[in-house]
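Student: Quick one, what's the 3D model for this:
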Amino acid sequence: MIKENLEKIKTEIPKDVTLVAVSKTKPNEDLLEAYNAGNRIFGENRVQELTKKAEELPDDIQWHMIGHLQSNKVKYIAPFITLIHGVHKQKLLKEINKQAKKVDREIDVLLQFHIAQEDSKFGFDFEEAKEMLESDAFKSYENVNIRGVMGMATFTDNKEQIEDEFRTLHNYFQVFKSHYFKFKEDFDILSMGMSGDYDIAIEEGSNMIRVGSKIFGERK
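Tutor: Numbering: from 1, shown residues only. Below you'll find the model as predicted:
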């Protein structure tokens, strides 16, 4: 069903929305089925699992680190990672820059904002992000490339609350684009929306969604 699920989602979303297939905990066979159906972007949230899959699966896969990333694990994914979604503090950005420099790469990242009402979710608040972007330290990070912002809405059935949280993130994206990245054409990713709410996210401006269970089925 993986191929059919992928095809169905792709008919439902606009052409300019990037689909990240969230493959965490799924076996290589499932990823290969999605790969053979044309998907090339996969999202993982555990470094050990991610590095193992990257070694075993086709070289043209674009790997996205979508989970909470600890600074001491960055070195393991720095040589090959395509995009790190969850940069939630300056210490992590500094480490990504350090490890990217060691492998002579520039690593694309998204700034993660805390827009949900749940304390369990990570992310900058508006003022923290401003402070970081205006800091001297940030200006010295030559091996990280900020591509945009991401955030996760509260896990709730309240559609108005989800819309409001996504709208907040869209506003942040526009403010940071106009104030700090005005002439940076590739600051262009607004990543929000998962299996349960990507339709709302797209309505509110998302151009990158992370979908797992609607492709691969529920996790056991």
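Student: Please count neighbours and contacts with C-alpha atoms only from this point.
Tutor: Will do.
Student: After whichever strand or helix holds Ala129, which helix or strand is next?
Tutor: Per DSSP states H and E, Ala129 falls inside helix 126-133. Sequence order places helix 136-139 as the next helix or strand after helix 126-133, per DSSP H and E.
Student: Can you tell me what sits against that next one?
Tutor: Outside helix 136-139, the residues that touch it by C-alpha atoms under 8 Å, 6 or more residues apart in numbering are 132-133.
Student: Now the element after that helix, going C-ward?
Tutor: strand 144-150.
Student: hmm, who's touching the following helix or strand past that next one?
Tutor: Under the assignment DSSP H and E, the closest C-terminal helix or strand after strand 144-150 is helix 159-180. Surrounding helix 159-180, the residues in contact under the criterion C-alpha under 8 Å, 6+ apart are 113, 115-116, 126, 133, 148-151, 153-154, 156, 187, 190, 192, 200-201, 204-206.
Student: at 6 Å what do you get?
Tutor: 115, 153, 204 (C-alpha atoms under 6 Å, 6 or more residues apart in numbering).
Student: likewise stretch 4-17?
Tutor: 207-208, 215.
Student: which of the residues in it are buried?
Tutor: Within stretch 4-17, the residues scored as buried using 16 or more other C-alpha atoms under 10 Å are 6-7, 13, 17.
Student: returning to that earlier point: what average pLDDT does the helix holding Ala129 get?
Tutor: On average, the pLDDT along helix 126-133 is 94.
Student: same check, this time on stretch 142-158
Tutor: 95.
Student: Okay, Lys98 and Ile2: tell me how far apart.
Tutor: Per C-alpha to C-alpha, to the nearest Å, Lys98 is found 38 Å from Ile2.
Student: and the helix or strand hosting Gly86, what other elements does it pack with?
Tutor: Assigned by DSSP H and E, Gly86 belongs to strand 83-87. Under the contact criterion of 3 or more C-alpha pairs under 6 Å, 6 or more residues apart in numbering; DSSP states H and E, strand 83-87 touches strand 62-65, strand 107-112.
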